[in-house]
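A.B. asks: Have a look; sequence and predicted model below, questions after that.
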Amino acid sequence: MNIPKHTDTLVVGSGTAGSIVAGRLASRLNQKVVLLEAGPDFGPFNNINWPPDLLNGTVIGETHDWGYTSSSVNGKHNHNLERAKAIGGCSSHNGCIAIWGSHLDYDTWESYGNNGWSSQEVLPFFAQANKTLRVRDFQESEVTPFHRMCVNVMENTGIPRSKNLNDLYENQGVNISPVNILNGKRFNAAFAYLDPVRENGYLTIIGNSLVNKINLNRNKAISVEAIINNEETLICADRIIVSAGSFESPCILMRSGVGNTRKLSKLGITPHLELLGVGSNLHDHPSLNIRFQGTNLLSKLMKEFRENGQLIFSEQSIAKVRSSNCKEGFDLHIYPITGTTENGNGSWDCAIYTANMVPLSRGSLEITSNDPLSKPIIDQGYLTDQEDQDIKILKEGLEISREISLQKEAIELIGYELPESSRIESIDDIRKNVLHYYHPVGTCKMGPELDSTSVVDNNGKVHGLDNLYVIDASIIPTVPRGNTNLPVAMVAERIVNNLC
Ligand SMILES: Cc1cc2nc3c(=O)[nH]c(=O)nc-3n(C[C@H](O)[C@H](O)[C@H](O)COP(=O)(O)OP(=O)(O)OC[C@H]3O[C@@H](n4cnc5c(N)ncnc54)[C@H](O)[C@@H]3O)c2cc1C
C-alpha cells in the first residue's frame, strides 16, 4: 500500500468513535481522510478474512485484545481490562448491548459548561447512531428461557416492565435489551460506517499501524509518527483526530508532550502543553456478581432452546433500578448472565451482576516511558470516594440481586447461590470482589477551558491547540447510566456533524 505523506484529516484509531469520524468525514467532505489502526483491517462485512469470533455476536472479548491489566489495589490487581485491537475497536468484540442511558447524564454534561450536549440536543445523534448500527430488538423466539424468566421475576419484585429501555426519560424498568447483532453477526462500527466509503476515493485505511505521537509546532498539530510495517513513518495532516479510546488516547497525548509537563519531563518527553486532566478522571461502572450452579431444569431448557436452532446470547435481560440513595432516574443496572459450565458435561450455570451506574470514585492512568509499546499504569480507583457512596449503592444492588434470586420461579431455574458467592456481604468483601463493566471513560475530559481538569472543548478540540481533536470514550466527562457503545457513537456523530 502507498502510504500518503500528507492528508487533510488523519484519524488515529478505528474503534467505535474513529470509524464513525473517518466514515462520516470521508462521505460528507471532498477531503482526504487517512485512518490509522494499530490492529488489523479485516476488510468489509463479507470479507473471508474476518476471524469467526469477532463476527460471532455470542462470543465476547476473546481475541485481538491489547492485554491491559489493572495496576490498582482498588479493584483486582492484574485484572484484565479488555480493549480490542482491530478494525472496529471494541465494537468488534463487545456484547452489542445497545443502551442509551438517562436524560440526567447528558443534562449533567451540559451543566458542566458543555453547550450543545443536553439530553434534548443529543437525541437526534443517538437516533442516527442507532439506525446506522442497525440496532434492533430481539424477536420473542430469540429470548432464552433463562432471560425470559429473569424479566418475569424482576417484574415480580416490583421493577416495572420497561416500554423502551432507551427512553432517556424512563426511570426504573426491566426488559430485554436492544442489540446491534444481525443474523448472529456483530454489526460493528467499521461495517456500519467504513464499508459504505471504503471505495469512494477519499478514505485510506491503514491497519497494523501503531501511532506513537503527534508532532506539535506552537499551537498546531502538524504530523503523526507511527510504526507501519515495522518502519517509523511520518504523515503530515491539516487536522488530526485522536480516537484511540480511553486508555490509549491519553497515552498518545502524553507521548506528544501534552499533560502534566513536570511528570513528562521526568520520562524524557519534551513538554509542549500543560493539561493536567490528561489521564485523570478515569472511571467505569463498578460491578459485582453473585453466582449460581443452575438446576437440571435450566440445562434442559437451554439445551432444547439450542437444539431448536436458536443462538444463545448470555446477556439479554437488563433492569434499571433505584437504590435508596437515588431520588431521580436510576442508579443501578442488574443484568443476569448464563452460559455452559466449564466441567464439559453440557450443564448450564448463571450469575446475576449488578453495577453502580453513577460512580463518584475516580482513578487515573499514567505512562511509564515514551515507548508506544509499553503499557500504562491503570489505576481504576474503584470505590475510593470519601463518603463510601459508591460501595453503599453497590451493596444495595447486591441485596436486590439476592432478593431476585430468591423468588420461587428463579430458584427453579438457577438453584441457590454458591457458597463462595454467598460469603460476599461486608463492605470489605465487596471491595475485594469488585469488577469492571467494560466501560472506562473520562481520561481526556470534555469541559470549558476554565476547568483546569478538562482536556477538550465541547467540540472535541484540545484546549490550546488549533487543529487537534480527541473524539472517543475518553472525552466523556461522567459515565452515562448505560453501556457505553451507543453513547460513544452518539458523541462521535454529534461532533463530526459540527466538523463537516
Ligand atoms: C469485551 C467488551 C464488551 C463490551 N460490551 C459492551 C456492550 O455490550 N454494550 C456497550 O454499549 N458497550 C460495550 N462495551 C464498551 C464499548 O464497546 C466501548 O465503550 C466503545 O467501543 C469504546 O469506543 P472508543 O471509540 O472510545 O474506543 P475503542 O473502540 O477501544 O477504539 C479505539 C481504537 O483505537 C485503536 N488504537 C489504540 N491506540 C492506538 C494507537 N496508538 N495507534 C493506532 N490505533 C490505536 C484501537 O486498536 C482501537 O481500534 C464493551 C467493551 C468490551 C471491551
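C.D. replies: That came through, no problem.
A.B. asks: Nearest to the ligand within this structure, name that residue for me.
C.D. replies: Here the chain gets closest to the ligand at one residue, G15, 1.7 Å apart by CB to the nearest ligand atom. C-beta here means a position set from N, CA and C on the backbone, and glycine is covered the same way.
A.B. asks: Now do the domain split for this protein, please.
C.D. replies: 1-136+179-284+439-500, 139-178+286-359+393-437 (automatic domain parsing).
A.B. asks: Go through those domains and pick out the most buried.
C.D. replies: Comparing the domains of the chain by mean neighbour count (mean count of other CB atoms under 10 Å), domain 1-136+179-284+439-500 ranks first with a mean of 21.
A.B. asks: just to revisit the earlier point, pretty sure the residue of the chain closest to the ligand contacts H93?
C.D. replies: No: if you go by CB atoms under 8 Å, G15 and H93 don't touch, sitting 10.7 Å apart.
A.B. asks: Now for those two: what residues contact both?
C.D. replies: With contacts defined as CB atoms under 8 Å, 6 or more residues apart in numbering, the residues shared by G15 and H93 are A84.
A.B. asks: Can you name the residues of the stretch 401-500 of the chain that neighbour the ligand?
C.D. replies: Selection of the stretch 401-500 of the chain residues close to the ligand by CB under 6 Å from any ligand atom yields Y438, H439, D472, A473, N483, T484, N485, L486, V488.
A.B. asks: Am I right that the last one is in a helix?
C.D. replies: The reference is to V488. Yes: judged by DSSP: H, G, I helix; E, B strand; the rest coil, V488 forms part of a helix.
A.B. asks: doesn't D472 make contact with it?
C.D. replies: Yes: if you go by CB under 8 Å, V488 and D472 touch, sitting 6.4 Å apart.
A.B. asks: residues shared between the contacts of those two?
C.D. replies: G15, T16, A17.
A.B. asks: Look through this structure and tell me its longest helix.
C.D. replies: helix 389-405 (DSSP state H).
A.B. asks: Quick one: mean pLDDT over the helix or strand just after that helix.
C.D. replies: Downstream of helix 389-405, the next assigned helix or strand under DSSP states H and E is helix 408-414. In this model, helix 408-414 has an average pLDDT of 97.
A.B. asks: If you count contacts, what does helix 408-414 end up packed against?
C.D. replies: With contacts defined as 3 or more CB pairs under 8 Å, 6 or more residues apart in numbering; DSSP states H and E, helix 408-414 has these neighbours: helix 145-156, helix 296-307, helix 389-405.
A.B. asks: Which among those helices is found nearest to G113?
C.D. replies: When those are compared by CB to CB, helix 389-405 sits nearest G113, at 24.1 Å.
A.B. asks: which strands and helices sit next to that closest one?
C.D. replies: Using 3+ CB pairs under 8 Å, 6+ apart: helix 389-405 touches helix 145-156, strand 287-292, strand 332-340, strand 348-356, helix 408-414, helix 427-433.
A.B. asks: got a pLDDT number for the closest residue to R186 other than its chain neighbours?
C.D. replies: Nearest residue to R186, sequence neighbours excluded (CB to CB, 6 or more residues apart in numbering): G57, at 4.4 Å. At G57, the predicted lDDT confidence score is 95.
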